[in-house]
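>>> what's the 3D shape of this:
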Amino acid sequence: MIKELIAIALGGNMILQKGQPKTYEQQLANLRKAIQVIVDIINMEYDVILTHGNGPQVGNILLQQQAGIETGIPAQPLNVCGAMSQGQIGFMIQTALEERLFECNLKTKRVVAIITRALVDKSDPAFKEPTKPIGPFYTEEEAIELHRKTKDTYINDAGRGYRKVVPSPIPLEILEGETIRRCVKEGDIVIAVGGGGIPVARENGHFIDVEAVIDKDRATEVLATQIDADGLMILTNVPNAFLNFGKENQQAIETVSIVEMERYIEQGFFAKGSMKPKVESAINFVKNGGKYAIITNPANALKALQGKAGTRVVK
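Numbering: from 1, shown residues only. Sure, this is the predicted structure:
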């Protein structure tokens with residue numbers, strides 16, 4: 001039996017939930033609880049690639065950099081902070097997943113976390129218009145005061161509070177794609193594209209650093225397409241993509257075609273920087289040859305794979 005390969009983008013709420021202490025112990029405890037759904041998917045005879053966001057973590061690392069300046073410690077740039085968060089979160093997912101696989105008698109499965117770079121175009125217009133939320137949530141008053149002090153840009157993130165936003169260029173290629181493909185062929189469970197990957201651009205025949213944060217759902221789609229994955233699953237904190245989200249007449253989107261979903265985007269149903277990139281990533285994956293793309297929450301992930309829950313984008 002040939003297994004299907006599915007790329008799964010883990011939702012940030014699987015790692016850290018709003019209002020929780022941002023400690024290593026709390027994040028690892030959350031992952032230990034949340035990782036069972038991934039083990040269940042593996043038990044359904046899927047090969048799995050896991051990706052993850054890094055918004056709260058990279059935001060906190062940036063705050064640590066700012067605090068260090070006062071004691072004479074040089075601050076690291078945003079892309080380096082992203083690399084730090086890849087190591088941190090990848091290690092936590094690896095730890096939680098290996099523990100659970102051992103408990104489920106799947107200890108022969110190897111789990112590998114790969115530091116991943118995403119190629120971007122340094123002339124991408126996103127560098128002139130920051131849109132990607134990172135870091136903690138603030139009240140409107142706190143955001144105004146922070147903007148006054150730092151000149152950083154803050155936006156209302158889908159009604160959940162105000163967050164700092166940074167440039168988020170479109171990923172063109174995952175540079176470690178072939179390495180990841182080989183690991184999957186060997187039967188490894190791969191953790192990659194953390195925080196969307198470390199952004200780099202090509203200049204004079206080599207790669208240069210750029211300061212940005214790549215949307216992890218867009219980068220997951222690029223990786224999934226590169227390595228010919230069968231499916232893409234984007235896990236988030238809601239069971240479906242919705243029309244009129246948060247309103248009395250909100251309506252869950254179930255199985256939907258590319259054409260229908262593109263029409264919903266044109267009609268402005270999805271929040272920029274929140275659900276919109278998830279929907280666009282789902283569309284692009286199916287357009288580029290993927291069989292299906294799913295948007296749902298962890299509680300509905302297994303049912304969604306069976307076509308009984310979530311939003312499923314097909315041709």
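>>> Off-centre distance for the lowest-mean-pLDDT helix or strand in the chain?
Of all helical and strand segments in the chain, the minimum by mean pLDDT, DSSP states H and E falls on strand 132-138, at a mean of 79. Mean-position distance between strand 132-138 and its chain equals 14 Å (Cα atoms, centre = their mean, to the nearest Å).
>>> For that strand, name the packing helices and strands.
helix 55-69, strand 162-166 (3 or more Cβ pairs under 8 Å, 6 or more residues apart in numbering; DSSP states H and E). No exception for glycine: its C-beta is placed from N, CA and C like everyone else's.
>>> Could you work out which of those reaches nearest to Thr225?
helix 55-69 (23.5 Å; Cβ to Cβ).
>>> so what's the backbone phi/psi at Asn244?
The phi and psi values for Asn244, taken as degrees, to the nearest 10, are phi 60, psi 50.
>>> Put the alpha carbons of stretch 158-175 into CSV.
The C-alpha trace of stretch 158-175 is given here as CSV (Å, rounded to 0.1, in the frame of the first residue of the first chain):
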residue,chain,number,x,y,z
ALA,A,158,-8.8,39.7,13.5
GLY,A,159,-10.4,41.2,16.6
ARG,A,160,-8.1,39.3,19.0
GLY,A,161,-6.0,42.3,20.0
TYR,A,162,-3.2,44.4,18.5
ARG,A,163,0.1,42.9,17.3
LYS,A,164,3.3,44.2,15.8
VAL,A,165,3.5,43.6,12.0
VAL,A,166,6.6,43.0,9.9
PRO,A,167,7.3,42.4,6.1
SER,A,168,6.1,39.1,4.8
PRO,A,169,7.3,38.5,1.2
ILE,A,170,6.0,35.6,-0.9
PRO,A,171,8.2,32.4,-0.6
LEU,A,172,9.4,31.2,-4.0
GLU,A,173,11.3,28.0,-3.1
ILE,A,174,12.3,26.0,0.0
LEU,A,175,16.0,25.6,-0.3
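>>> Please identify the buried residues of that stretch?
158, 161-171, 173-174 (16 or more other Cβ atoms under 10 Å).
>>> quick one: which of those is nearest Gly205?
Glu173 (15.7 Å).
>>> does that closest one have beta-bridge partners, and which?
For Glu173, the beta-bridge partners are Leu119 (DSSP bridges).
>>> any residues touching the host helix or strand of Arg202, and which ones?
Element membership for Arg202, per DSSP states H and E: strand 198-203. Outside strand 198-203, the residues that touch it by Cβ atoms under 8 Å, 6 or more residues apart in numbering are 79, 82-83, 86, 115-122, 169, 171, 175, 207-214.
>>> out of these, which are buried?
Of the contacts of strand 198-203, these count as buried by 16+ other Cβ under 10 Å: 79, 82-83, 86, 116-120, 169, 171, 210, 212-214.
>>> looking at it, Ala212 is touching Leu78, isn't it?
Yes. Counting by Cβ atoms under 8 Å, Ala212 touches Leu78, with 6.9 Å between them.
>>> Overlap of the contact sets of those two?
Val166.
>>> in this protein, which spans are helices?
Assigned by DSSP state H, the helices in the chain fall at 24-34, 36-43, 55-69, 78-103, 140-150, 177-185, 216-226, 258-266, 275-287, 301-305.
>>> pLDDT weak spots in the stretch 1-150 of the chain?
For the stretch 1-150 of the chain, applying pLDDT under 70 flags the ranges 1.
>>> Low-confidence bits of the stretch 151-300 of the chain, can you list those?
Judged by pLDDT under 70, the stretches of the stretch 151-300 of the chain that qualify are 273.
>>> domain ranges for the chain?
The record assigns the chain these domain ranges, following automatic domain parsing: 1-118+170-229, 233-315.
>>> Any idea how far apart the tips of stretch 31-44 sit?
Using Cα to Cα, to the nearest Å, one end of stretch 31-44 lies 20 Å from the other.
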